[in-house]
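Undergrad: Give me coordinates for this.
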Amino acid sequence: MTRFTASLFALLPALLLCTLQAQAAELVASVDRSRLNSGETVELTLESSDVTQFGKPDMTPLEPLFEVRGTRQVNQLNTLSGDNRATTRWIITLLPRQNGSVVIPPLQLGEIQSQPITLQVVESATPDNPNKRAAVFIDASLDQSSVYVQAQAILTLRIYHSVSLYDDSSLPPLQIPDARIEQLGESRTYEKDIDDVRHGVIEMRYAIYPQHSGELIIPAQVFNAALVEAQPAPNAASQGAKSGKLMRISSTELLLTVMAKPLTYPADAPWLPARSLTLSESWNPEPDHAQVGDSLTRSLTVKAEGLASTQLPPLPGTEVAGLRRYPDQPVVGHQNSERGLVGSREDREALVPTRTGAIELPAVEVVWWNTFEDHLEHSSLPARTLHVAANPSLVVDTPAGAAPVEASVDSATLWRWQLSTLVLACTTLLGFGLWWRGRWQPAVLRTAQTGPSPRTVLDDLKRACQANDSHATRQALDAWARQQPETLADMAARFVPLSDALDGLNGALYSATGQHWQGDELWRAIKAIPIAERVQDPVGDSGLPPLYPK
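TA: So this is what the prediction gives:
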């Protein structure tokens, strides 16, 4: 039994090493696009970081469904934090042999295997172009012939060439009056067989947002190309293409019908024509155990397929009694997909409960028009209730004249108050006795002041405000308030500019935008307090008052 245990412990490091190698060794497969037309090629990329594998993946499983047009290998060495990581990529050009849903099967490299990938091969949309037998021609198409105003239409430009082109070939930027244009990613290149002739394809996609209803004309696009070499072909156009020849090719002009906003759409709601729209909510931390004074960050996110992020309106803020609200800057962005842009907007706000009990948050609703099904829709988040508990770490002063929270005080609390009153009385009598004794003592020089003077505290507050440092300002403000004849809350209650400036400072301390706080407003409010309400700082030191006043 002892020998078996020792053998088992000796094998553990080897088993652990094999497990780590199995986890690190994988063959990752990806494609440049998952939807294509028949006759077009797709690039399959296989990547491995296992340096113990040699050779190349077995391409045999591809033969029944694909024609392998080419394979190239790329070796790369990356250095990160002193660690070298070698990766090997195999880029395989595939031509599907059939239409419909086609699966790229798993490929084997030694003992590791890639995952399968599903492609959608659509029936070939051969460009209806009278010059499609030319050496170079351009085709333009729209995904739909009519759209609503400010909705998305996708324009696809494909440049076909059966001869090689120089790299200085150019296509001017797309410009359309009365329309916003967003390019959908970088241009893509692949191959396509047209009438048994292999063509290279340069594809560019644009999202177009018409700004006015009516008819929108998409002008012809001009492509300037320089041929590298001639490609023999039975037609005269191709035979006449000589090396270095400059060519100027134009696409056809397109017409897009732009429909006005439907009459059934609410007049007071922002116009949102989208293919789909989702609304979500998140909290940090979760508000299940909220207490008075806690800072709860609420994030509302809206995502719309077919809209840019700039078209998404701000979501309604949480204006509820019992919650202080400190909004943050919105986070906007968009990503490209096969069906165009997907815009997103995230509105974040810090919510601070100011009372205990149940606080009702209203429902959040967004009205939008479904362009895919052509009808009005509502996306909403349900209303919810926050149950706020008391915070033991906070001491809340009861305003004068307000009724006490509890009708009775327990005996232990009463005993503490009685004891503190007795101690206060004794110290008062002791202080009076020392003062009376001090009247008969010889006069002495005044000792140096150990604490900061009112002028020093006020200067510290001024410097912190001018430096726009919210945390330093808060500390200097507390030090200044301790030298005043009344509390900071009492001054803010009677002086509105000071109350507004304090709300701005608290908002900066609770939210992520504290670094943008400006202290000029608070300093102006401090300086504007009537002189009778502040502690006066003497200009010069006039010494102690007479020891024995007459």
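Undergrad: what about the residue with the largest distance to the centre of the chain, distance to Glu26?
TA: Distance from the centre of the chain peaks at Trp440, with 74.4 Å (C-alpha atoms, centre = their mean). Distance, Trp440 to Glu26, by C-beta to C-beta, to the nearest Å: 94 Å. For glycine as for every other residue, the C-beta is placed from the backbone atoms N, C-alpha and C.
Undergrad: next one: Ser114
TA: Ser114 sits 8 Å away from Glu26, going by C-beta to C-beta.
Undergrad: Same drill for these two, tell me which one is more crowded.
TA: Ser114 (21 against 16; other C-beta atoms under 10 Å).
Undergrad: okay, and the common contacts of Ser114 and Glu26?
TA: Common contact partners of Ser114 and Glu26 (C-beta atoms under 8 Å, 6 or more residues apart in numbering): none.
Undergrad: residues of stretch 369-389 that come out buried?
TA: Judged by neighbour count (16 or more other C-beta atoms under 10 Å), stretch 369-389 contains these buried residues: Trp369, Asn370, Thr371, Ser379, Leu381, Leu386, Val388.
Undergrad: Adding pLDDT, secondary structure and distance to Glu182, write those residues out as CSV.
TA: Converted to CSV, the buried residues of stretch 369-389 look like this (pLDDT from 0 to 100; DSSP: H, G, I helix; E, B strand; the rest coil; distance: C-beta to C-beta, whole Å):
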residue, pLDDT, secondary structure, distance to Glu182
Trp369, 97, strand, 20
Asn370, 96, strand, 21
Thr371, 95, coil, 17
Ser379, 95, strand, 23
Leu381, 95, strand, 28
Leu386, 93, strand, 40
Val388, 93, strand, 44
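Undergrad: for the helix or strand where Tyr160 lies, packing partners?
TA: For Tyr160, the host element (DSSP states H and E) is strand 153-161. In terms of contacts (3 or more C-beta pairs under 8 Å, 6 or more residues apart in numbering; DSSP states H and E), strand 153-161 is packed against strand 136-142, strand 197-210, strand 222-226.
Undergrad: residues touching the closest residue to Asp328 other than its chain neighbours, list them.
TA: Taking C-beta to C-beta, 6 or more residues apart in numbering, and ignoring the residues beside it in sequence, Asp328 has Arg348 as its nearest neighbour in space, at 4.3 Å. Residues near Arg348 by C-beta under 8 Å, 6+ apart: Thr297, Arg298, Ser299, Leu300, Pro327, Asp328, Pro330, Val331, Ala512.
Undergrad: Ser38 too?
TA: Counting by C-beta under 8 Å, 6+ apart, Ser38 touches Pro96, Asn99, Val121, Val122, Glu123, Ser124.
Undergrad: re earlier: who's the residue nearest to Asp328 bridged to?
TA: Arg348 has these beta-bridge partners by DSSP bridges: Ser299.
Undergrad: how far does stretch 264-281 stretch from start to finish?
TA: Stretch 264-281 has an end-to-end distance of 29 Å (criterion: C-alpha to C-alpha, to the nearest Å).
Undergrad: Buried residues in it, which are they?
TA: Of the residues in stretch 264-281, those buried (16+ other C-beta under 10 Å) are Trp271, Leu272, Pro273, Ala274, Arg275, Ser276, Leu277, Leu279.
Undergrad: related to what we said a few turns ago, and the least confident of the contacts of Arg348?
TA: Among these, Ala512 has the lowest pLDDT, at 61.
Undergrad: Quick one: residues contacting Gly322.
TA: Pro353, Thr354, Arg355, Gly357, Ile359, Val388.
Undergrad: right, and the secondary structure at Ser499 would be what?
TA: Taken by DSSP: H, G, I helix; E, B strand; the rest coil, the conformation at Ser499 corresponds to helix.
Undergrad: Domain ranges for the chain, per the record?
TA: Following automatic domain parsing, the chain resolves into domains at 24-122, 136-259, 273-388, 454-533.
Undergrad: Average pLDDT for the first one, rounded please.
TA: Domain 24-122 shows a mean pLDDT of 83 in the predicted model.
Undergrad: Distance from it to the middle of the chain?
TA: Using C-alpha atoms, centre = their mean, to the nearest Å, the distance from the centre of domain 24-122 to the centre of the chain it belongs to is 32 Å.
Undergrad: ok so Tyr303 is a helix residue?
TA: If you look again at residue 303, you'll see it is Lys, not Tyr. No. Lys303 sits outside any helix when classified using three-state DSSP, being strand.
Undergrad: Pretty sure it sits against Val342.
TA: Yes. Under the criterion of C-beta atoms under 8 Å, Lys303 makes contact with Val342 at 6.3 Å.
Undergrad: Poorly predicted segments of this structure, please.
TA: The chain contains residues with pLDDT under 70 at 1-25, 51-54, 79-82, 124-133, 229-244, 395-413, 441-451, 511-515, 530-550.
Undergrad: Show me which helix runs longest in it.
TA: In the chain, with assignment by DSSP state H, the single longest helix is helix 411-438.
Undergrad: buried set for the helix or strand following it?
TA: Going down the chain from helix 411-438, the next helix or strand is helix 454-466, by DSSP H and E. Buried residues in helix 454-466, counted by 16+ other C-beta under 10 Å: Val457, Leu458, Asp460, Leu461, Lys462, Ala464, Cys465.
Undergrad: Might you quantify the distance of helix 454-466 from its chain's geometric centre?
TA: 38 Å.
Undergrad: Return the distance of the following helix or strand past it from the chain's centre.
TA: In the C-terminal direction, the helix or strand that comes right after helix 454-466 (DSSP H and E) is helix 470-481. On the basis of C-alpha atoms, centre = their mean, helix 470-481 sits 33 Å off its chain's mean C-alpha point.
Undergrad: tell me which residues of the strand holding Tyr160 are tucked away?
TA: Ala153, Ile154, Leu155, Leu157, Arg158, Ile159, Tyr160, His161.
Undergrad: Could you export the host helix or strand of Arg85 as CSV, CA atoms only?
TA: When elements are assigned from DSSP H and E, Arg85 belongs to strand 83-96. Extracted as CSV, the C-alpha positions of strand 83-96 are listed here (Å, rounded to 0.1, in the frame of the first residue of the first chain):
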residue,chain,number,x,y,z
ASP,A,83,7.4,35.1,-22.1
ASN,A,84,7.8,34.0,-25.7
ARG,A,85,4.7,32.6,-27.3
ALA,A,86,4.9,31.0,-30.8
THR,A,87,1.8,30.6,-32.9
THR,A,88,1.3,29.0,-36.3
ARG,A,89,-1.5,29.9,-38.7
TRP,A,90,-2.7,28.1,-41.7
ILE,A,91,-4.9,30.2,-44.0
ILE,A,92,-6.9,28.0,-46.4
THR,A,93,-8.9,29.4,-49.3
LEU,A,94,-12.1,27.3,-49.9
LEU,A,95,-14.7,27.3,-52.6
PRO,A,96,-18.0,25.6,-51.5
